[in-house]
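>>> Got a sequence here, can you build the structure:
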Amino acid sequence: MGIFDRFRSQAQNKGKDMSDTAEKDVNEKTGGKYESQVDQAQQKIEGRMGMDRDRPEEP
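Residues are numbered from 1 along each chain as shown. Below is the predicted model:
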């Protein structure tokens, strides 16, 4: 693994953490009223940024 691969991996991890934090903050401020819309938006943004991740289905 080259230095650029490590940098890209670290940047993606930081981006995912920031994305998760933003999602959590929005859901807290709206009382979870728009949780599914926020989740869909987060998935679209991460997909366009190349940060796709497998999301387990929540009950």
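>>> need the helices for the protein, in chain order.
For the chain, the helices defined by DSSP state H occupy 3-29, 35-48.
>>> buried set for the first one?
Neighbour-count burial for helix 3-29 flags 19, 23, 26 (criterion: 16 or more other Cβ atoms under 10 Å). Where you see a C-beta, it was placed from the backbone N, CA and C, and this is true even at glycine.
>>> Please identify which of these is nearest to residue 10.
The nearest member of these to residue 10, counting by Cβ to Cβ, is residue 19 at 14.9 Å.
>>> Distance of the closest one relative to residue 3?
Distance, residue 19 to residue 3, by Cβ to Cβ, to the nearest Å: 24 Å.
>>> before we move on, what about residue 21?
In this structure, residue 21 lies at 27 Å from residue 3, with Cβ to Cβ as the measure.
>>> what do you get for residue 48?
Distance, residue 48 to residue 3, using Cβ to Cβ: 25 Å.
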